[in-house]
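Trainee: Got a predicted model here, sequence first, then my questions.
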Amino acid sequence: MTHLHRILLIAWVTLSATACGDSPDEPLLETKSVQYAGSDLLPHMYDLELAFRAIEPNLRLPAAYGKVAEHARRILEIADEPAFLNYTERPSFRHDAALFEEMRLGYKRSAERALRGAKAGNIEELRSGFIGLDMSCIACHKRFNPNK
């Protein structure tokens, strides 16, 4: 990855992740805007995004499926971290907590499918898991943006 690609990725992740901020009045790049219960969600969103984006260029490279499996495992770990498990307990969370949990579990199922596909060398299962991850990100950010 070139230096320019890293800069663009960090900018895109920052803009995407700040959709989890607490109010529309907060500065767009204020990283502390996603704090609750003494924890900062933004680093976890960065980690998720970087693990997810590391899978895409390797989808059709069977020699890289070991690395893809590592990234899928990391996504599963992050999805179970307290920052996500306790996200709905924030005072500013104004949405359906059960739906958020359902979507978090759907994200995990997609990561598990990608992991299984990578381990088995099954490109279709890996691709299906990757597409599920992508769709889950979009759906969750649209539904649970606290600024809406």
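Mentor: Nice, I can see it.

Trainee: Please count neighbours and contacts with C-alpha atoms only from this point.
Mentor: Noted.

Trainee: Which of the helices or strands spans the residue positioned nearest the centre of the chain?
Mentor: Compute the mean C-alpha point of the chain, and by C-alpha atoms, centre = their mean the closest residue is L48, 4.0 Å away. Using DSSP states H and E, L48 sits in helix 42-55.

Trainee: Check which helices and strands that helix is in contact with.
Mentor: Using 3 or more C-alpha pairs under 8 Å, 6 or more residues apart in numbering; DSSP states H and E as the contact criterion, the elements in contact with helix 42-55 are helix 3-17, helix 65-79, helix 123-143.

Trainee: can you give me how far the biggest helix by length in the chain is from the chain middle?
Mentor: Criterion DSSP state H: the longest helix present in the chain is helix 97-120. Once both centres are worked out by C-alpha atoms, centre = their mean, to the nearest Å, helix 97-120 turns out to sit 11 Å from its chain's centre.
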